[in-house]
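Asks: Predicted coordinates and the sequence they were generated for:
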Amino acid sequence: MVNVFFRRIHVEHKERVRKKGPVILAANHPNTMMDPMLVALLCGRNPHFLGKSTLFNSAISKLFFRSVHVLPVYRKLDAENEMGKNAQIFEKCYQSLEEGNALVIMPEGISQMDGTLHEIKTGTARIGLGAEVQNAFKLGVQIVPAGINYSSPTEFFSDVHCRFGRPIDLSEYQDLYEKDEYEAVYEVTKQIRDALEKLTTTVESSESAGVLKNLKKIYKMELAVDLGLDDDLKQHDFSMTRGMADAINWYSTEHPELFAQMDRRMNRYLAKVEGLELRDELLSTAHGHKTISRRAIGLLGVITGFPIYIWGVVNNFLAYRTPPLVVKYLGTSLEYLSTIKMLSGFVIFGVFYTLQALAVYFLTGSGLLTTLYILSLLPAGRFALYYHDTMQRYRQHIRIFTLFLKRKTLMYEIIQERLTLITAIDEAKAEYMNRLEEEPGSNVGVDDIGA
C-alpha cells in the first residue's frame, strides 16, 4: 500500500540498520500511522511498535494492532488514570530487545504536522538503557534515528525521503549511567534530538515552516542551478531543503524584522501568481539543463502516451475520486489524512477493480483477457497521474504565453517583483554563507555530522 500511495520513496543509509540484534528505531512523527509504516518498510527488519493506548479502544483495532506487534503506551494526555500500566510495557520492551527484535518508537510522543520537531521524550532512552541494565550492558542495544520528510504529506502520489542516522551504541553510556542515571538518559535523549534535527527538514517554529514552504517554491531551482545540482535535483532535494531550513532558523533569529518582511513579500507575490492560476517555477529564469533531444523525447512521450492515459483515466477515475470524499465525510484531522486516504483507497480500489474484472469476464468470457485487464489497471492509473502532471506543465506554458499577450503590463510587473525578491533572497543567502565561513566548523555538511 505504501509503495502504491507514494510516487517516489527515497531512502538513504539503510545499511546503518543492522540486520540482526536489538535495535530501537527512533523517528520523527508528523504523519500518524504513515510514519511507523514507512520506517518498517524501509529499515529491512520486521519491527515491533509502540502506539498510543487509544488505538486499542475497540475490539477490532485491538485485535489488529496486537497482531502486528504494537504495544500500548498510556499517555497522560489521554489515559492519565492508566499510566501505571506503562511499567509492564517497559518490561515487554526489554523482553522484545532481549529477543533481538527491532522496536519502532516515535520519541516526540505526539503527531503534529506543523513543520517543527517537538520535544523529544526520555522514554526511548529509558527503554534502551533499561534493557542494557537488565543485561549488565552486554545486550548491545543500538538506537538508530530515522528522519522522515514528505514533499506533500497529505497528498496521494507525492514523494517521501527517509534518512537513517548513525547508530547510538548504548554500551558506551555504561560508565555515565552507573555514575548518574538521569544524566545518561538526558545525554542519550539529546543525541536523538540532535540527530533528528539533521535528518529532517524541520524548522524551529511553525511560522518558519511557512517561510520554508514558500522559499522552496520560489528559490529551489535558483539554488540548485547556483550550486550545480540541477542535473539531479531529486537526489539533492533533502540536502538543499535542510540547508534552507538552517538558513531560515539563523535569519529569523538574527534579523527578525527583515525575516517577517521577507515572509510578507513572498506571501504577497505568491498570492498574485496563484491568483492568475500560475506556478511560480515556470516564471523562473533559472532552469535545469534540458537538451533538445530530451525535449523531443518528452514530446514524443506525450503523443504516444495519450492512449494509455485515456485507458488509465477511464478505468481508475471513479475509484480515484472516492477516497477524498471519504476523508471529507469523516472530517479527520490533518495528521490522519494520508493514512485514511491510503487505507480507504486500498479498500475502494480493491472493490472497483474486482467489479470491473467481473464485468470484463462476463463480457468476454476469456480468463486471459481478464487477467491482462487486471494487470493493466494499476500501472495505467499511475501513468495517467504522471501524464496529467506533465500536461499541466504544458498548459501552464500556454497560459503564461497567453497572459503575456493579453496582460503584458501585469506580467512584466510580476516578473519584476520576482526578480527583486530573488535579489533580496540572494543577499540574505550571501550573508548567511559569510557567517558559515567565519565560524569554524559551522559549514560542516549534513553527512559529516553525527547524524
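Replies: Structure received.
Asks: going forward, measure contacts and count neighbours with C-alpha atoms only.
Replies: Fine.
Asks: how about the helices in the stretch 151-300 of the chain?
Replies: For the stretch 151-300 of the chain, the helices defined by DSSP state H, counting those that start in this stretch occupy 174-179, 181-199, 206-227, 233-254, 256-275, 292-330.
Asks: Tell me which of those sits nearest to Leu403.
Replies: Within those, the stretch nearest Leu403 is helix 256-275; the backing value is 11.7 Å (CA to CA).
Asks: Which secondary structure elements does the closest one sit against?
Replies: Where contact means 3 or more CA pairs under 8 Å, 6 or more residues apart in numbering; DSSP states H and E, helix 256-275 is packed against helix 206-227, helix 233-254, helix 408-438.
Asks: do you know which of these lies nearest Val17?
Replies: Nearest of these (CA to CA): helix 233-254, 20.1 Å.
Asks: quick one: buried residues of that closest one?
Replies: Neighbour-count burial for helix 233-254 flags 233, 237-242, 244-252 (criterion: 16 or more other CA atoms under 10 Å).
Asks: Now find how far off-centre it is within its chain.
Replies: Taking CA atoms, centre = their mean, to the nearest Å, the mean C-alpha location of helix 233-254 is offset from the chain mean by 15 Å.
Asks: Do me a favour and average the pLDDT over it.
Replies: The average pLDDT within helix 233-254 is 90.
Asks: Let me see the residues that make contact with it.
Replies: 161, 198, 200-204, 208, 211-212, 216, 220, 223-224, 229, 259-260, 428-429, 432, 446 (CA atoms under 8 Å, 6 or more residues apart in numbering).
Asks: returning to that earlier point: can you put the helices and strands packed on helix 256-275 in TSV and add distance to Gln191?
Replies: Shown next, in TSV, are the helices and strands packed on helix 256-275 (distance: least, CA to CA, whole Å):
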stretch	distance to Gln191
helix 206-227	23
helix 233-254	18
helix 408-438	23
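Asks: what residue is smack in the middle of the protein?
Replies: Tyr150 (2.0 Å; CA atoms, centre = their mean).
Asks: for the helices of the stretch 151-300 of the chain, which one sits closest to Leu377?
Replies: Distance to Leu377, taken as CA to CA, is lowest for helix 292-330 among those, at 6.7 Å.
Asks: avg pLDDT for that closest one?
Replies: Mean predicted confidence for helix 292-330 is 87.
Asks: What residues of the helix or strand following that helix count as buried?
Replies: The C-terminal neighbour of helix 292-330 among helices and strands, as given by DSSP states H and E, is helix 337-364. Across helix 337-364, burial judged by 16+ other CA under 10 Å covers 337-342, 344-346, 348-349, 352-353, 356-357, 360-361.
Asks: And for stretch 155-171?
Replies: Neighbour counts over stretch 155-171 (16+ other CA under 10 Å) mark 156-157, 159-168, 170-171 as buried.
Asks: Run through this structure and note the low-pLDDT ranges.
Replies: 80, 287-292, 294-295, 440-451 (pLDDT under 70).
Asks: In terms of residue numbering, what are the domains of it?
Replies: As given by automatic domain parsing, the domain ranges for the chain are 2-199, 206-288+413-448, 292-406.
Asks: among those, which is the most enclosed?
Replies: Mean neighbour count (mean count of other CA atoms under 10 Å) peaks for domain 2-199 among the domains of the chain, with a mean of 18.
Asks: What is the end-to-end distance of that one?
Replies: Start and end residues of domain 2-199 are separated by 21 Å (CA to CA, to the nearest Å).
Asks: re the thing from before, can you lay out the buried residues of stretch 155-171 as TSV showing distance to Leu276?
Replies: Converted to TSV, the buried residues of stretch 155-171 look like this (distance: CA to CA, whole Å):
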residue	distance to Leu276
Phe156	25
Phe157	25
Asp159	26
Val160	29
His161	31
Cys162	35
Arg163	37
Phe164	41
Gly165	43
Arg166	46
Pro167	49
Ile168	50
Leu170	56
Ser171	59
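Asks: Among those, which one sits closest to Leu421?
Replies: Using CA to CA, the buried residues of stretch 155-171 come closest to Leu421 at Asp159, 27.8 Å.
Asks: partner residues bridging the closest one?
Replies: Arg8 (DSSP bridges).
Asks: Show the contacting residues for it.
Replies: Asp159 neighbours (CA under 8 Å, 6+ apart): 6-10, 150-152.
Asks: which stretch of helix or strand covers Tyr386?
Replies: helix 367-406.
Asks: So what does the residue in the chain sticking out farthest from the centre have for phi and psi?
Replies: Most distant from the centre of the chain: Gly365, at 44.7 Å, with distances by CA atoms, centre = their mean. Main-chain dihedrals, Gly365, degrees, to the nearest 10: phi 70, psi 10.
Asks: Tell me how far it lies from Trp311.
Replies: The gap separating Gly365 from Trp311 is 21 Å, by CA to CA.
Asks: repeat for Glu438
Replies: 58 Å.
Asks: Next, give phi and psi for Lys138.
Replies: With angles defined as degrees, to the nearest 10, Lys138 sits at phi -110, psi 0.
Asks: so who does it touch?
Replies: Per CA under 8 Å, 6+ apart, neighbours of Lys138: 132, 171.
Asks: Surely Phe157 touches Ile9?
Replies: No: between Phe157 and Ile9 there is no contact under CA atoms under 8 Å: 10.3 Å.
Asks: Glu91 falls within a strand, correct?
Replies: No: assessed with DSSP: H, G, I helix; E, B strand; the rest coil, Glu91 is helix; it does not lie in a strand.
Asks: Met67 and Ile24, how far apart?
Replies: One correction, residue 67 is Ser, not Met. Counting by CA to CA, the gap from Ser67 to Ile24 is 20 Å.
Asks: scratch that, His10 is what I was asking about
Replies: From His10 to Ile24 the distance is 21 Å (CA to CA).
Asks: now Asp180
Replies: If you go by CA to CA, the gap between Asp180 and Ile24 works out to 22 Å.
Asks: Would you list the phi and psi of Leu25?
Replies: phi -100, psi 110.
Asks: what's near enough to touch it?
Replies: 39, 102-105, 143-146.
Asks: With adjacent residues omitted, what lies nearest to Phe90?
Replies: Of all residues not flanking Phe90 in the chain, Ile127 sits nearest, at 6.4 Å (CA to CA, 6 or more residues apart in numbering).
Asks: repeat for Glu132
Replies: Leu139 (5.7 Å).
Asks: Now do the contacts for Ile168.
Replies: Here Ile168 is in contact with 142-144, 188, 191 (criterion: CA under 8 Å, 6+ apart).
Asks: Can you tell me which of those residues is nearest Thr423?
Replies: Checking these one by one against Thr423 (CA to CA), the nearest turns out to be Gln191, at 37.8 Å.
Asks: residue contacts, the closest one?
Replies: Ile168.
Asks: Could you measure from it over to Ala125?
Replies: Distance from Gln191 to Ala125, by CA to CA: 10 Å.
Asks: One more: Val185?
Replies: 6 Å.
Asks: cool, Cys43 as well?
Replies: 20 Å.
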